[in-house]
Every structure is written in structure tokens, then in C-alpha cells.
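> no sequence for this one, just the structure:
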Ligand SMILES: Nc1ncnc2c1ncn2[C@@H]1O[C@H](COP(=O)(O)OP(=O)(O)OP(=O)(O)O)[C@@H](O)[C@H]1O
Ligand SMILES: O=C(O)[C@@H](O)C(=O)CO
């Protein structure tokens, strides 16, 4: 296997989002969970996305994991590695975007790397270095209240400079509009001034195509799925067969279930909408955190129903209930206990024959996939923007959908299960 593109993603659902974009743009793509063992068979793929859980951990640990993933990808021949971050630039002044990018750039022997979280398909654009979420600048968007990394500054040149060792510069929209050669020249000029990372404006997919072509002159870049789109369009051979098609060629059979740990507005609406399509169990989080057997009760509920059709089990609650639970148990302890409970529930469902599993929430998906011991996926068709169908690349054949909290329309759960046959 010789790769055209390697990617290191800082969370699991973000990795699926990128893998989805690369696949849609024509690259045969696999997603691994963590740094793969050397003997992991991934088949004939052009891109690999290594999914880490490094967004909100200690910067030193994020750097070490990302460097190891990068080394694995380079060892498989990847000439270019993209560091996938969140399209809302989730990070703090301590990192982890700056420290990881500094390390990957140094390892690659590069003076400068392009950085852009723009992803027009989901409303993320960058203008004069300022990130917009839809029409709102980042610091006025819901991300200003993110529980782990409140984003209160929209100026990404400033944000990244606070967490980077090297100075940060800007490739503005006027330069991007002049094409890939102009962007390359601007990067060379910034590098000559000692700038190590250049935040690039991008408003439309056409801007990202230009940035993708320019980025490929270097060995490392950093962005969200939009930059992945630009890189993939520059790399994919035109007219090749749909790389997602064979993922669904053989049905996996078995039973199907959905699990939700995300408390985002989008997920809450999706759970409400699912109630007309399948039995829904709303978990009492207190029975998952304390000594009660909330998991056992949920398994019994599921066991009585899952043989007849899909089910959905959710811990999700509205912001007021979440705050109250967090006040009683602590943010981290409450979140962790519920993640562990949902992961155990997933294992019990798989033991009872579930082979098609939809999971809502990035942290929740991470806990479930880790607990199930899944190592790698081939990337299939898109369910909703940023969410593909995944098929296990080894072990028990299963189809999964790992949904970022905010992604998908109201009918997401039913739509995912309709596709996952
Ligand atoms: N009822 C609840 N009260 C408090 N916390 C909860 C509750 N239900 C789930 N949680 C926790 O909330 C967190 C949700 O995070 P998760 O990453 O899964 O979803 P998200 O933040 O919406 O998704 P993403 O990170 O993809 O945007 C998890 O730690 C989960 O355990
Ligand atoms: O880039 C995004 O918005 C997503 O892939 C993600 O990482 C959400 O956590």
C-alpha cells in the first residue's frame, strides 16, 4: 500500500467527517482507531485517517500521539500529512493545535504549513483570518460557551499564535483568488520572515481547491474537512469508480441499534424525531453514575425489543438537566461515567447480535469504539454532511455511523439505518 495522503485526526467523529469528505472526493479511504499495528490489513487505499483522541488531553501527550501517527503514515509512504482539527478550531491557549502542528512541521523538515478550518458545506468560512460559523463570528457563535474550550476570539492568527512556538501569518482571500502559485509564493515569503504557520482565508470550495493544490507543495498542512476536500480533489484521478460503493456490497445482517450520549441541540431533536420510528429508552443518568444497575436495566429493555427492529437508547438531556447533574457529580466524572455506561451497553448489544450501530456524540463514539476493540474501518457512502457509513475492516463484520453532536438533520437516525443494510 502506498498512500497519496495521510491524515492525523484529533477525535474519532472528526476523523469520520474527514474520511467521508475524502471518499466523496474520490479517494479510497480507510479510518483507523489509534495508531495501527504494523500488520493491520487496510487493503488498497489511497488515504488513511488515523483517529486519535487528542483534542482535549495534555499537550505533551497530544504531541507524542500525533508524532507517532505521523511516523506510521510516513512509513506507509504518505508524502503529505494533514492534521485534522475541528472546523470550529476547538483549542485553548495551551493547545493542542499549535504544539501538534509545530511538532509535525519540524518532523517533516518544513518551514511553514497552511492552516484553515474552513468547511463551507457546514457553514465554516475564514475571512481575513477570522472564523465564521454561519453568519456569526466564532466568538458570537454557540462555541463561545463550549464546556471544555470556550472560543472567545475569532481571529485565528491571534488564537494560533498564543499556542504556537513560531510566529503565525495570514494568506488572505485576495491572494487565494489569484491561484495556487500566488499562495505558494505568499507561503515562501512568510517562511522567509520566520513564520511557521499561515492561516488561510477560504469562503468557497473553489478557495479550498486552490489551497489544496498549494498545500501539496509542502509535506504537512492543518485544517478541517474543507482542506481535506481541496487536497483530495487535487489528488484523485478523475473518472475512477465510486470508492464508497463496495462498502455496502455485502450486507452484514444482524440487528440494529442507536446510542446517543450527545446533548447537543441537533441530537436532542433527532432523538425526539426517532420516537415515531423506533422504541426509544431515555436513560436516567443518576442510575448510570451511582451504584444502581442502570446498564443492566437498559440491556433488559433492549433485549425485549431489539429482535423486532431498531431501538434507540439515549442518556442525552437538555442543558439545564446536564448542568444540574454536573453540579452534583462534577463535569468530568459525570461525563466519564455516562460514556463508560454507554460503551458497556454497546458491548451488550453486540453480544446480542447487533451488527449495525449508530452512535451520537464524539466522546461517546470514542468510548464505544474503544470498548468494542474496533481497529479500523473502510469508509462508505454519506448519511449526512460529515457522517459516512463505516464498515469494520477486520474482525466481526459490522456497519457503524459515528455522528458528531451537531451533525445531521432531524431524521438522522432513521436515515442512517435505512442506508446501513
Ligand atoms: N444526561 C447527561 N448529563 C450530563 N452529561 C451527559 C449526559 N448524557 C451524556 N453526557 C455526557 O456529555 C458528553 C457528550 O459529549 P459527546 O462528545 O459524546 O457529544 P457532543 O459534545 O455533542 O459531540 P461532539 O464532540 O462530536 O460535538 C459525554 O461526556 C457524555 O457522557
Ligand atoms: O470539523 C468538524 O466540525 C468536525 O469534524 C469535528 O471535529 C467536530 O467535533
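Cool, got the structure. In this text the structure is predicted, and so the values were computed from the model without any measurement. Ligands and ions are numbered 1, 2, ... in the order given.
> ok, residue 87 touching residue 228?
No: the pair residue 87 / residue 228 is not scored as a contact, 10.6 Å apart, by Cβ atoms under 8 Å. Glycine gets a C-beta too; all of them are placed from N, C-alpha and C.
> Compare neighbour counts for those two and give me the winner.
Set residue 87 next to residue 228 and count neighbours by other Cβ atoms under 10 Å: residue 228 wins out with 31 against 28.
> Quick check: residue 41 is in a strand.
No: counting by DSSP: H, G, I helix; E, B strand; the rest coil, residue 41 is not part of a strand but coil.
> mind checking how far residue 129 is from ligand 2?
To ligand 2, residue 129 is 18 Å away according to Cβ to the nearest ligand atom, to the nearest Å.
> Chain neighbours aside, what residue packs nearest to that residue?
For residue 129, ignoring the flanking residues on the chain, the nearest one in space by Cβ to Cβ, 6 or more residues apart in numbering is residue 157 at 4.3 Å.
> again, but for residue 152
For residue 152, the spatially nearest residue (Cβ to Cβ, 6+ apart) is residue 139, at 5.0 Å.
> Packing partners of the helix or strand hosting residue 184?
Following DSSP states H and E, the helix or strand that holds residue 184 is helix 180-192. Helices and strands touching helix 180-192, by 3 or more Cβ pairs under 8 Å, 6 or more residues apart in numbering; DSSP states H and E, are strand 168-171, helix 173-177, strand 197-200, helix 205-215.
> what would those look like in TSV with mean pLDDT, distance to residue 379 and mean neighbour count?
Converted to TSV, those look like this (pLDDT from 0 to 100; distance: least, Cβ to Cβ, whole Å; neighbours: other Cβ atoms under 10 Å):
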stretch	mean pLDDT	distance to residue 379	mean neighbour count
strand 168-171	98	30	23
helix 173-177	98	28	17
strand 197-200	98	26	29
helix 205-215	98	19	24
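> Of those, which is nearest residue 12?
For the helices and strands packed on helix 180-192, distance to residue 12 was read as Cβ to Cβ. The smallest value, 23.1 Å, belongs to helix 205-215.
> report the angle between the axes of that closest one and helix 180-192?
Between the axes of helix 205-215 and helix 180-192, defined by axes from the mean of the first three to the mean of the last three Cα atoms, to 10 degrees, the angle is 60 degrees.
> And the helices in the stretch 1-150 of the chain?
If you assign secondary structure with DSSP state H, counting those that start in this stretch, the helices in the stretch 1-150 of the chain sit at 12-24, 59-75, 97-108.
> count of neighbours near the nearest residue to residue 278 once chain neighbours are set aside?
The shortest distance from residue 278 to any residue other than its chain neighbours is 4.6 Å, reached at residue 310 (Cβ to Cβ, 6+ apart). Using other Cβ under 10 Å, residue 310 has 22 neighbouring residues.
> before we move on, what about residue 217?
14.
> Surely it forms part of a helix?
No: assigned with three-state DSSP, residue 217 falls outside any helix and is coil.
> re earlier: single out the most deeply packed of the helices of the stretch 1-150 of the chain.
Highest mean neighbour count of the helices of the stretch 1-150 of the chain: helix 12-24, a mean of 29 (counted as mean count of other Cβ atoms under 10 Å).
> In this structure, which strand is the longest?
Identified as the longest strand of the chain according to DSSP state E is strand 376-384.
> tilt between that strand and helix 12-24?
80 degrees.
> do strand 376-384 and ligand 1 meet?
No: Strand 376-384 stays clear of ligand 1 (Cβ under 6 Å from any ligand atom), getting no nearer than 13.1 Å.
> hmm, who's touching that strand?
Outside strand 376-384, the residues that touch it by Cβ atoms under 8 Å, 6 or more residues apart in numbering are 16, 19-20, 22-24, 29-33, 36, 40, 42-43, 45, 243-248, 388-394, 399-401, 403, 407-409, 412, 415-416, 419.
> Can you give me the buried ones in it?
Buried residues in strand 376-384, counting neighbours by 16 or more other Cβ atoms under 10 Å, are found at 376, 377, 378, 379, 380, 381, 382, 383, 384.
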